[in-house]
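Trainee: Mind folding the following:
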Amino acid sequence: MDVRLATEEARRLPTESTLARGAIAAVRIVLGLLWLTQSSWKIPPFDLLRSFTEYAVSDPVFAPFSFVVEKVVLPNFTIFGWLTTITEVSIGAFLILGLITRFWAVVGMAQTVAISLSIINAPHEWSWAYYMMFAGHAVIWATAAGRAFGLDGVLRAGWIHADGRAFDLLRRVS
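Mentor: Numbers count the residues shown, from 1 in each chain. Predicted coordinates for the structure are as follows:
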C-alpha cells in the first residue's frame, strides 16, 4: 500500500463514513423531535410552563438566576412563554431540517442551561437528562451535523462560492 494513501486514510475522521454521518444525522433529528414534542405543552395561557418555571424560585439552583426569574420572568410571563415556545419550536425545526445547524445547536445548549437552572433541583427531576441534552447539542455543533443529510450539506457549497458578509455568516453557522 502506498504510504501516502495509508497516511491519508489514518487522518480520515470517523465522521466521514456514511454510517457515522447517518448516526450524527439521527442524533440531530432526534434532538429536533425532542424540542418539537416538548414544546407542544408550552402553549397559551402557559400555565404548565409557568409551574415548571416557578421551580427556579422554590427549588433554586443558582441564586442570581432565581432572582431574575422571580423579578423579571414571572411578572412578564406571557412574553416569556411566547419566547420559550418560539425558541423551542425553532430549535426543533431547524435541527430536523439540518439548516443553520451549528447556530441552533448553540441556542439548544443555551436553552438547556436555562431549563436546567430552572428545574434541575425540582422534585422528581433526573438531572442527567439535561446533561445529555447539552452533550447532544455540543456534538451537533462540533460535527456540523447539518452537513450530514441536512440542508446545510446541500446549500453550503453555494455559500462557500458566494461573496458577502451574509454568506460568510452562513458558512460559519452551518
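Trainee: Neighbours of Arg102, how many?
Mentor: Residues lying near Arg102 (other Cβ atoms under 10 Å) number 20. Bear in mind the C-beta positions are built from the backbone N, C-alpha and C, glycine included.
Trainee: In the chain, where is pLDDT below threshold?
Mentor: Screening the chain residue by residue with the criterion pLDDT under 70, one finds the ranges 1-15.
Trainee: Could you pull out the helices in it for me?
Mentor: Along the chain, counting by DSSP state H, helices occupy 3-11, 18-39, 47-53, 55-58, 63-68, 77-97, 101-119, 128-143, 151-161, 165-173.
Trainee: Tell me which of these is the most buried.
Mentor: helix 101-119 (a mean of 21; mean count of other Cβ atoms under 10 Å).
Trainee: residues in contact with Ile100?
Mentor: By Cβ atoms under 8 Å, 6 or more residues apart in numbering, the contact set of Ile100 is Phe94, Gly146, Asp152, Leu170, Val173, Ser174.
Trainee: Return the residues in contact with the first one.
Mentor: It refers to Phe94. Gly32, Ile100, Thr101, Phe103, Trp104.
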